[in-house]
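# With the input below, show me the fold.
(chains A and B)
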Amino acid sequence: MEQEMAYDRQGKSYPVADFKDDYSGDKLGFWVFLLTEGMMFGVLFLLYGIYFYRHTAMFASSSADLNIWLGGTNTVLLLISTYTMGVATLMMRQGKVKLSATLVGLTIFIAIVFLGIKASEWGVDISHGIYPGSKLLDAKDTGEILFFGLYFVMTGLHGLHVIIGIALMSWVLLLMRSGGIRPEHTIVMKNTTLYWDFVHLIWIVLFPLLYMIGA
Amino acid sequence: MPSFYHETHTIFGTHKSKILQWIFSIDHKRIAILYIGVLFTLFFCAVGAALTMRAELFFPGQQLIQAQTYNQLFTFHGVTMIFLFIVPGIAAALGNFILPLMLGARDLSFPRLNLLSWWLYILGVVIALSSLVTGAGFADTGWTFYAPYSIRTDSHVLSTLIAAFILGLSSILTGLNFVVTIHRLRAPGMDFFKMPLFVWGLYATAWIQVLATPVIGITLILVILERTLGIGVFDPSKGGDPILFEHLFWIYSHPAVYLMILPGFGIISEVLPVFTRRTIFGYRSIAISSASIAGIGYLVWGHHMFTSGISDIARLIFSFLTFLVAIPTGVKIFDWLATLYKGSIVLATPMLWILGSIINFTVGGLTGLTLGALGPDIHLHDTYFVVAHFHYTILGGVVFMFIGGMHYWYPKITGAMYDEVKGRVAFGLVFVGFNMLWFPMFIAGFLGNPRRYFDYLPTFTIYHQLSGIGALLVALGLLLVLYTFYKGLKEGKEAGPNPWRGTTLEWHIPSPPPLENFSKIPYVDFDPYEYEDGEPLVQLDENFRRIR
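All right, here's what the predicted structure looks like:
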């Protein structure tokens, strides 16, 4: 499509930005969206900070009850997955579509493994009677109730983001097949990669807050 | 030339069915009209709830409704007016329609996201209203959902909370769309200080939507989880802190006040230059004050919590910061007054609503300072003084501005003119009724009549009865506004592209505008409000090239 021009009184021409295929606009929009996500998680971090300040000892001892090895494995997995997703975008832009699709598939696989490990962790906690509102938990110290309340909310919300990430990456795979993402048109993929980066960054903060303070 | 009423594009391409053409349209103008329709329907429902309450309060003692029904009515009134009407209000309705026209753009940056915002909004509305007929009745918490009551009450808080969350999401997406549109789609040559002031208002609003709404979103989710799972974060019996809920609630909801008012200020700044036929005084200071109100508006939430037991230091700081907001607001008011000075004022209906709103808002703003001062607030907290204060700012201010804006852009949106005489009479009714409705409440509140009670001591009877009559006048006036608009649609004479002799870009295109607004995008090397001897200075030819 030809670049549209606007003309001033002297007849000089200026390029017009259009809402269709506006690469910078799409990028800016996604960054603004990530800002809202940051504000949302920020509230949870704030709450965590306040209650940690009030119940430091109980938070540390509750944290020691979590399985740091499973959490640690998940951290490493997310680190790797964000790398594979980043490389996938790079490969796409270099025109290596097949390799790129494989890497996105690998990222989805790792994300599913992450969710599996997370689910087994939750399962163990729940089978021990530790979940929000359980009789066992409600009988404990308030610091412990708050820690596990926040633990389930924060990892739950993060897990939800992982699920959305899997959906987005699957969509990216579909778009690759239909030609919606091409080496010269990668904005959807780039934004998905940014999103996945954000999801992994949140976990990087969650891991020490929830698992490591009691170690 | 066919207008956007005749042709459109939808998310699925083209449709034969007229209804599907509307509800799936991705044209910002059609989406704006959808918003206008739903918003004002809800507005009149909430007015109905208010009239019922006023009727109950006409005499002391119980006559019409039960106390619990009253609690649900004021919650319904608050939730509908705040979350369903005025927060999305001006931005989603007029902003959606006018913003791209003012920027010289063909649509918003993300037309499909815009449609999604509307659908989310409708989903929120449906969920909120569904609680009227399901479960144990509508929420009775007030629109603030204060914990721990909202955790314990048996009424249907859950669906209202979910609705508010979805509405928040819709609002975030609209804000995001506006931010990107304003950054990316300004016509060539239009730098930030050549944008019309309505755009500045929307820009500041959009940033508040983007930065504050996620906070309320997660807070409401926490209350939902508190009710369903009992996570303990806001539940004092589990070590949680209800004051934290108040902090998180108001860190959104105070900026939300500015989210309502800033686009309204934008409308004032559009209408004033047109009906005084001169350039606006202090363009830059108005633009920058919008941004600074949005900024400072973040830091003052604590003034809602002076009586909640926060520390004295915090109260002093919040009181001081609250006073600071008055400075940029004052700058605006004085700029508007300076614009009026020696202007050749045309008292058309939009101008009347705008002048009325400036008067009401000044009363509301000054009583806001009274409440922002620590000592008086302890006395006046949760009395009718507060109710009068925020109705003066939000109803007398924002809604007046909204209705003024509706009159101002009515010819652009419909292509027809409404009847000037009916318009002025309607304004007169509402303005007189409004002041009769709310001014007595300042006195009643000052004398100690608490808010949110379905009964009162007999000494306050006179104030409530005056209010009741005022409320009736307001309702009549609003119905007349509606009738005027309807008549204008049916038999109004053709408006032409620029009936008010305005200068901003939307007045350079036909009314109603064609699909995609501009056949050619103009180059903007002029300020938004340039008048010479009371006539617009800049003229564009049919190809949107400047000829004068």
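
# wait, what's in contact with residue 172?
In the absence of a named chain, chain A is used. A:104, A:181, A:188, A:189, A:192 (CB atoms under 8 Å, 6 or more residues apart in numbering or on different chains). All C-beta atoms are positioned from the backbone trio N, CA, C, and that covers glycine.

# that answer is for a different chain, and I need it for chain B
So residue B:172 contacts A:36, B:209, B:210, B:213, B:214, B:217 (CB under 8 Å, 6+ apart).

# Can you check the pLDDT for the residue of chain A found nearest chain B?
Nearest residue of chain A to chain B (CB to the nearest CB) works out as residue A:142 at 2.6 Å. Note for residue A:142: predicted pLDDT of 91.

# do residue A:18 as well
For residue A:18, the predicted pLDDT is 87.

# Pull out the buried residues from stretch B:146-153.
B:146, B:147, B:148, B:150, B:151, B:153 (16 or more other CB atoms under 10 Å in any protein chain shown).

# do stretch B:312-329 as well
B:315, B:318, B:319, B:321, B:322, B:325, B:326, B:328, B:329.

# for the closest residue to chain A within the stretch 251-400 of chain B, what are its contacts?
Closest contact between the stretch 251-400 of chain B and chain A, by CB to the nearest CB, is at residue B:251 (8.7 Å). Going by CB under 8 Å, 6+ apart, residue B:251 touches B:212, B:215, B:298, B:301.

# First-to-last residue distance for stretch B:538-548?
In stretch B:538-548, first residue to last residue: 5 Å (CA to CA, to the nearest Å).

# Any part of it near chain A?
Yes - contact between stretch B:538-548 and chain A, assessed by CB under 8 Å from any CB of the partner chain, occurs at B:544, B:545, B:546, B:547.

# Buried residues of that stretch, list them for me.
Buried, per 16+ other CB under 10 Å, within stretch B:538-548: B:538, B:540, B:544, B:546.

# show me where the stretch 51-200 of chain B has strands.
Counting by DSSP state E, counting those that start in this stretch, one finds no strands in the stretch 51-200 of chain B.

# By residue count, tell me the biggest helix in chain A.
helix A:142-178 (DSSP state H).

# Can you name every helix or strand that the lowest-mean-pLDDT helix or strand in chain A contacts?
For chain A, using mean pLDDT, DSSP states H and E, the weakest element among its helices and strands is helix A:135-138, scoring a mean of 88. If you count contacts as 3 or more CB pairs under 8 Å, 6 or more residues apart in numbering or on different chains; DSSP states H and E, helix A:135-138 packs onto helix A:142-178.

# chain center to the helix it packs on: distance?
Taking CA atoms, centre = their mean, to the nearest Å, the mean C-alpha location of helix A:142-178 is offset from the chain mean by 7 Å.

# Tell me the helix or strand right after that helix.
helix A:187-207 (DSSP states H and E).

# quick one on the thing from earlier: now the residue of chain A closest to chain B: closest residue in space that isn't a chain neighbour?
Spatial nearest neighbour of residue A:142, chain neighbours left out: residue B:239 (2.6 Å); criterion: CB to CB, 6 or more residues apart in numbering or on different chains.

# re earlier: for the least confident helix or strand of chain A, give me every contacting residue.
Residues outside helix A:135-138 that contact it (CB under 8 Å, 6+ apart): A:128, A:129, A:130, A:131, A:144, A:145, A:148, B:230, B:238.

# Spell out the secondary structure type for residue A:32.
helix (DSSP: H, G, I helix; E, B strand; the rest coil).

# how about the nearest residue to it, chain neighbours excluded?
Nearest to residue A:32 is residue B:176, by CB to CB, 6+ apart, at 4.9 Å.

# was I right about that neighbour contacting residue B:210?
Yes - judged on CB atoms under 8 Å, residue B:176 makes contact with residue B:210 at a distance of 5.9 Å.

# Tell me which of those two has more neighbours.
Comparing residue B:176 with residue B:210 by other CB atoms under 10 Å in any protein chain shown, the one with more neighbours is residue B:176, at 25 against 22.

# ok, the more buried one - contacts?
With CB under 8 Å, 6+ apart, residue B:176 has these contacts: A:29, A:32, A:33, A:36, B:110, B:113, B:206, B:209, B:210.

# now, which of those residues sits nearest residue A:76?
The shortest approach to residue A:76 among the contacts of residue B:176 belongs to residue A:33, at 27.5 Å (CB to CB).

# Now do the contacts for the closest one.
By CB under 8 Å, 6+ apart, residue A:33 lies in contact with residue B:176.

# Low-confidence ranges, the chain, go.
No chain in the question, so chain A it is. Chain A contains residues with pLDDT under 70 at A:1.

# circling back: the longest helix of chain A: which residues count as buried?
Buried residues in helix A:142-178 (16+ other CB under 10 Å): A:142-159, A:161-162, A:165-166, A:168-169, A:172, A:175-176.

# Tell me what angle the strand or helix carrying residue A:85 forms with helix A:142-178.
Using DSSP H and E, residue A:85 falls within helix A:68-93. Angle, helix A:68-93 to helix A:142-178, by axes from the mean of the first three to the mean of the last three CA atoms, to 10 degrees: 20 degrees.

# Which strands and helices lie in contact with whichever helix or strand comes after helix A:68-93?
Toward the C-terminal end, the helix or strand that comes next after helix A:68-93 (DSSP H and E) is helix A:97-127. Where contact means 3+ CB pairs under 8 Å, 6+ apart, helix A:97-127 is packed against helix A:68-93, helix A:142-178.

# which parts of helix A:97-127 are buried?
A:97, A:100-101, A:103-104, A:106-108, A:110-111, A:114, A:117-118, A:121-122, A:125.

# nearest to residue B:373, of the contacts of residue B:176?
residue B:209 (29.6 Å).
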